[in-house]
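Undergrad: have a look at this prediction, sequence included:
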Amino acid sequence: MSTSEILIVENEPVIAGLIQKSLESVGYAVPAIAASGEDAILKTAHHLPHLILMDINLEGDIDGVETAERIRNRFHIPVIFLTGSDDDALLERAKITEPFGFLLKPFSTNELKAAIEVALYKHKMEEELREHRDHLEELVIERTARLTIVNDQLQDELAHRNQVLEEQKKLAAMKEEFLQTVSHELRTPLTSIIGYLELLMAQSAGPLNEAQEKMLQTMMGNSDILLDLINDLLDLSKLQKGELPVAITPVRVIAEIARVMESFNQEAKNKNIILAFNPQASEISIVSDKEKIQRVVSNLVSNAIKFTEAGEVAVAVHSSDTGVRITVQDTGVGIPEDANDYIFEKFRQVDNTASRKVDGTGLGLAITKSLVDLLGGTIELESQVGKGSAFTVEIPSR
């Protein structure tokens, strides 16, 4: 352990000598003795002692209190005041310099040693605390700088993502507008083409042979598919813009669904599929939009028949606490669980491969979901691949 060096600042040479002997007798080193404040500052700068014993009543231009103040501000070295005075005003001034102790003259060697040891220990603890504080401040500054950089990066990334989202929204709006414009422009000439095809099939322009009839039937079928697609696009656009009005009237749900089911009898028969209608009661009446309920059921039944190769498509109707519950269940190919997240999105199909067996636009379920939402209802899917699917629609009575 190194010897602690103590600088003595005392203008009485005899007293300074006695203090030096006391210090050296208990193991301290005295590198110098200063007799004035100015001399004390110079010798402190030269020797940088561990502690200073400062006579509070120094003679000269600066007294012990001012000398201690300057040393504390420049060197951060602990000071113990030595005084034989009981001047309260002087003592109050001395306190401002935050001394590490006071020794009242005369004092014993043991008292001197005890005061020095306490002061050195206190100073050591304060220095360690200051170092820890400085280290913490450095860490805070460093972490704050890092956080600032990370925050700036996140802000830049967020701004970029927002920009991308805005661009995507603009592109989506442009696509919607384009589809709506094209659909409008195509529907008029297509309707005219279908009209002329119907005239030709009715042999208004003359008799047809068998080959001609088949070609016209193919043309008519494809034209109907194209017209349905155009109508779906226009309806979906209106739904998304909130431009499709709701006509609220009393609806006889069983009767309306029965009409929808009749329209699919031939299609189901062509695929050897059983088409079953199982209403809970002879009639269930609610207040809602009749045409939109018909469209919802029609889309679900059409979809079920399309994706069912064998078995049946069954429609069940039950009254609920708020209105009516309609379930369309099939024994078709089923829908994988991961498709539940996107099955109601437009232009999305479970099988998007070029080799898929069933044609479609991916608009039917998107329109169905939008119609159900418009009516204030809900639609849920339960499905198992290879066993079939069940869509359940809840429509409230207004």
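TA: Sure, I can see it.
Undergrad: helices of the stretch 201-350 of the chain, residue ranges please.
TA: Counting by DSSP state H, counting those that start in this stretch, the stretch 201-350 of the chain has these helices, from start to end: 210-241, 253-263, 265-270, 290-306.
Undergrad: what angle separates the second one from helix 290-306?
TA: What it means is helix 253-263. Angle between the axes of helix 253-263 and helix 290-306 is 40 degrees (criterion: axes from the mean of the first three to the mean of the last three Cα atoms, to 10 degrees).
Undergrad: so how far is helix 253-263 from its chain's centroid?
TA: 47 Å (Cα atoms, centre = their mean, to the nearest Å).
Undergrad: please parse this protein into its domains.
TA: 6-107, 169-241, 249-396 (automatic domain parsing).
Undergrad: what about the last one, start to end distance?
TA: Which is domain 249-396. With Cα to Cα, to the nearest Å applied, domain 249-396 spans 13 Å between its terminal residues.
Undergrad: neighbours around F264, how many?
TA: 19 (other Cβ atoms under 10 Å). (Glycine included, C-beta is placed from N, CA and C.)
Undergrad: nearest residue to it other than its sequence neighbours?
TA: Leaving out its chain neighbours, the residue that sits closest to F264 by Cβ to Cβ, 6 or more residues apart in numbering is V301, at 5.5 Å.
Undergrad: I figured that neighbour hits A314, correct?
TA: No: the criterion here is Cβ atoms under 8 Å, and V301 misses it with A314 at 9.9 Å.
Undergrad: overlap of the contact sets of those two?
TA: The contact sets of V301 and A314 overlap at V328 (Cβ atoms under 8 Å, 6 or more residues apart in numbering).
Undergrad: for V372, see how far away the residue positioned nearest the centre of the chain is.
TA: By Cα atoms, centre = their mean, the chain has its centre lying nearest to L158, at 10.6 Å. Shown here: L158 relative to V372, a distance of 35 Å by Cβ to Cβ, to the nearest Å.
Undergrad: a strand runs through A390, doesn't it?
TA: Yes: according to DSSP: H, G, I helix; E, B strand; the rest coil, A390 belongs to a strand.
Undergrad: tell me the contacts of it?
TA: Applying Cβ under 8 Å, 6+ apart, the residues contacting A390 are T327, V328, Q329, D330, L381, E382, S383.
Undergrad: now for the helix or strand bottoming out on mean pLDDT in the chain, which elements pack on it?
TA: Here the helix or strand of the chain ranked lowest by mean pLDDT, DSSP states H and E is helix 210-241, holding a mean of 75. Taking 3 or more Cβ pairs under 8 Å, 6 or more residues apart in numbering; DSSP states H and E as contact, the helices and strands that helix 210-241 lies on are helix 109-201, helix 364-374.
Undergrad: let me have these in JSON lines, extended by distance to A247.
TA: Formatted as JSON lines, these follow (distance: least, Cβ to Cβ, whole Å):
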{"stretch": "helix 109-201", "distance to A247": "22"}
{"stretch": "helix 364-374", "distance to A247": "11"}
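Undergrad: most tightly surrounded among the ones you listed?
TA: helix 364-374 (a mean of 20; mean count of other Cβ atoms under 10 Å).
Undergrad: just want the angle from that helix to helix 210-241.
TA: 40 degrees.
Undergrad: so for the next helix or strand after helix 364-374, what gets flagged as buried?
TA: Next helix or strand after helix 364-374 toward the C-terminus (DSSP states H and E): strand 378-384. For strand 378-384, the buried set under the neighbour-count rule, 16 or more other Cβ atoms under 10 Å, comprises I379, S383.
Undergrad: now strand 378-384, how far from the centre of its chain.
TA: Put simply, strand 378-384 sits 29 Å off its chain's centre (Cα atoms, centre = their mean).
Undergrad: tell me the strands beside that strand, with direction?
TA: strand 388-396 (antiparallel) (DSSP bridges).
Undergrad: you'd agree L48 is up against I71?
TA: No: the criterion here is Cβ under 8 Å, and L48 misses it with I71 at 10.7 Å.
Undergrad: okay, those two: which has more neighbours?
TA: More crowded of L48 and I71, by other Cβ under 10 Å: I71, with 23 against 12.
Undergrad: V30: what's it in contact with?
TA: So V30 contacts E5, I6, L7, I8, Q20, L23, E24 (Cβ under 8 Å, 6+ apart).
Undergrad: please verify my assumption that M201 contacts T218.
TA: No: counting by Cβ under 8 Å, T218 is not a contact partner of M201; they are 11.2 Å apart.
Undergrad: could I get the domains of the chain as CSV with distance to D134?
TA: Formatted as CSV, the domains of the chain follow (distance: least, Cβ to Cβ, whole Å):
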stretch, distance to D134
domain 6-107, 13
domain 169-241, 51
domain 249-396, 54
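Undergrad: which of these comes out lowest on mean pLDDT?
TA: Among these, domain 169-241 carries the lowest mean pLDDT, at a mean of 75.
Undergrad: measure it end to end?
TA: End-to-end span of domain 169-241 (Cα to Cα): 14 Å.
Undergrad: next one: that domain to chain centre, how far?
TA: Centre-to-centre, domain 169-241 and its host chain are 45 Å apart (Cα atoms, centre = their mean).
Undergrad: of V301 and A314, who's got more company?
TA: Neighbour count, other Cβ under 10 Å: between V301 and A314, V301 has more, with 25 against 19.
Undergrad: which residues does the more buried one contact?
TA: V260, M261, F264, L275, V313, V315, V328.
Undergrad: and the gap between it and S263?
TA: Counting by Cβ to Cβ, the gap from V301 to S263 is 9 Å.
Undergrad: kindly report the same for L275.
TA: Taking Cβ to Cβ, one finds L275 at 10 Å from S263.
Undergrad: settle it for me: which of those two has more neighbours?
TA: Each of L275 and S263 had its neighbours counted (other Cβ under 10 Å), and the higher figure belongs to L275 (20 against 12).
Undergrad: what's the burial count for A316?
TA: 16.
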